[in-house]
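**Student:** Sharing a model prediction with you, sequence too.
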Amino acid sequence: MGNNGKTVFDGKKAVFIGNSLIFFGGIVEPVDQRRPNNGIFKRLCTANGDDTEVINCTYGGHHLRDFTPDGCKRDDDHNGEDILAGIDFEGMDYVFFSESGDNNPDFLADSEAVMKRFPNPKTKFAYLCHSYSHFKGHTNITDNLPALKERGVCIIDWGRMVYDIAVGAAQVPGARLTYNKETFINAVGRDYHHPNPLAGYLAAQMCRCVYTGESAVGQDYGVTKNMTYGGKTATFDEYAEKFYDDPGCTNFREVFASEDDMRGLQILVDRYAGLWK
């Protein structure tokens, strides 16, 4: 359902920097860091006629401070390594970044340290505020979003949209189904925070709409099929079985199957994309 035209993303390079709160729901596929990626954001660009190169620089459990030239500070197999080494810093057109699930008191400084790695004054920066920051009340993140905006960063607060729907602060226009946290977020074992494929689609769609000015309404959500999500899952059923103690407690599959509900969510994407303009 793309318009087969060209947008600001045509012929451009975009990189996603962060952790599993980006890749779990498929904004980028959780494969091949520092290489071209075919996740939902890339697929939305392609569906709209844009030839966009998307680079995945997301690593599970990592914080923004791990992406500085000083190297990763986690005690893992690339501890001390510059995990952004080799990407095209000068030629990157769009940088989308996100903090971990921590209420980081150094959030602004760490954000600026990552941004300084991209010296081209034409590079555009966007912060993806995930739902965990809202559900946990991480004010070191949410209260500093205006300061990031003052620094020229585009705020993509997809997490506020998910949070508001889940707690009943926002209603999905024309919805036929009911909504709760599990509609968007995992509920298994210790994982009650990762975004599922529905949340990933909404986040990726908001990333596009914020910059293109296009409406999300009528955009293709079939791009979410035949790809890899968190835990190397490949289908919605497989995802529900793996990331919900009771797969019946989530209705994200039913939402995807409802044209009315998806249209209502796309209307909300437009609304929340405009909150920080």
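**Tutor:** Great, that's in hand.
**Student:** export stretch 197-211 as CSV, just CAs?
**Tutor:** Taking Å, rounded to 0.1, in the frame of the first residue of the first chain, the C-alpha atoms of stretch 197-211 are listed here in CSV:
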residue,chain,number,x,y,z
PRO,A,197,5.9,-7.2,16.7
LEU,A,198,2.9,-4.9,16.9
ALA,A,199,4.8,-2.4,19.0
GLY,A,200,7.7,-2.8,16.7
TYR,A,201,5.6,-2.0,13.7
LEU,A,202,4.1,1.1,15.3
ALA,A,203,7.5,2.4,16.3
ALA,A,204,9.0,1.9,12.9
GLN,A,205,6.0,3.5,11.3
MET,A,206,6.4,6.5,13.6
CYS,A,207,10.1,6.8,12.6
ARG,A,208,9.0,7.2,9.0
CYS,A,209,6.1,9.5,9.5
VAL,A,210,7.9,12.0,11.7
TYR,A,211,10.4,12.7,8.9
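**Student:** Settle this for me: E81 is touching D70, isn't it.
**Tutor:** No. If you go by CB atoms under 8 Å, E81 and D70 don't touch, sitting 10.4 Å apart. The C-beta positions use only the backbone N, C-alpha and C, and glycine is treated the same way.
**Student:** Which residue is the nearest non-sequential neighbour of H62?
**Tutor:** Computed as CB to CB, 6 or more residues apart in numbering, the closest residue to H62 that is not its neighbour in sequence is N19, at 4.7 Å.
**Student:** Run a quick neighbour tally on the one you found.
**Tutor:** Each residue near N19 was counted by other CB atoms under 10 Å, and the total is 20.
**Student:** Tell me the predicted confidence for it.
**Tutor:** Per-residue confidence (pLDDT) for N19: 97.
**Student:** What of the one 4 residues further on?
**Tutor:** According to the prediction, F23 has pLDDT 98.
**Student:** thinking again about what came up before, which residues touch the residue nearest to H62?
**Tutor:** Under the criterion of CB atoms under 8 Å, 6 or more residues apart in numbering, the neighbours of N19 are 58-63, 98, 100.
**Student:** Pull out the buried residues from the residues you listed.
**Tutor:** 58-60, 62-63, 98, 100 (16 or more other CB atoms under 10 Å).
**Student:** Return the subset of those lying in strands.
**Tutor:** Within the buried ones among the contacts of N19, residues falling in strands by DSSP state E are T58.
**Student:** could the buried ones among the contacts of N19 be laid out in CSV, adding pLDDT and distance to F252?
**Tutor:** Formatted as CSV, those follow (pLDDT from 0 to 100; distance: CB to CB, whole Å):
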residue, pLDDT, distance to F252
T58, 97, 21
Y59, 95, 25
G60, 94, 21
H62, 95, 26
H63, 96, 28
S98, 98, 21
S100, 97, 23
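**Student:** lowest average confidence, helix or strand, in the chain?
**Tutor:** Lowest on mean pLDDT, DSSP states H and E among the helices and strands of the chain sits strand 35-36, with a mean of 94.
**Student:** Next, give phi and psi for the residue nearest to S100 when sequence neighbours are not counted.
**Tutor:** Distances taken as CB to CB, 6+ apart place H63 nearest to S100, at 4.5 Å, with adjacent residues excluded. When read as degrees, to the nearest 10, the backbone of H63 gives phi -110, psi 170.
**Student:** ranges for the strands of the stretch 101-250 of the chain?
**Tutor:** 124-128, 154-156 (DSSP state E, counting those that start in this stretch).
**Student:** okay if I get these as TSV plus distance to G49, mean neighbour count and mean pLDDT?
**Tutor:** As requested, those are exported to TSV (distance: least, CB to CB, whole Å; neighbours: other CB atoms under 10 Å; pLDDT from 0 to 100):
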stretch	distance to G49	mean neighbour count	mean pLDDT
strand 124-128	20	21	98
strand 154-156	22	21	98
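**Student:** any chance of these in CSV, plus distance to F236?
**Tutor:** Output for these, formatted as CSV (distance: least, CB to CB, whole Å):
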stretch, distance to F236
strand 124-128, 23
strand 154-156, 24
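**Student:** Determine which of those approaches K242 most closely.
**Tutor:** Distance to K242, taken as CB to CB, is lowest for strand 124-128 among the strands of the stretch 101-250 of the chain, at 23.7 Å.
**Student:** Counting by contacts, list what the closest one packs against.
**Tutor:** In this structure, strand 124-128 packs against strand 94-97, strand 154-156, helix 197-212, with contacts taken as 3 or more CB pairs under 8 Å, 6 or more residues apart in numbering; DSSP states H and E.
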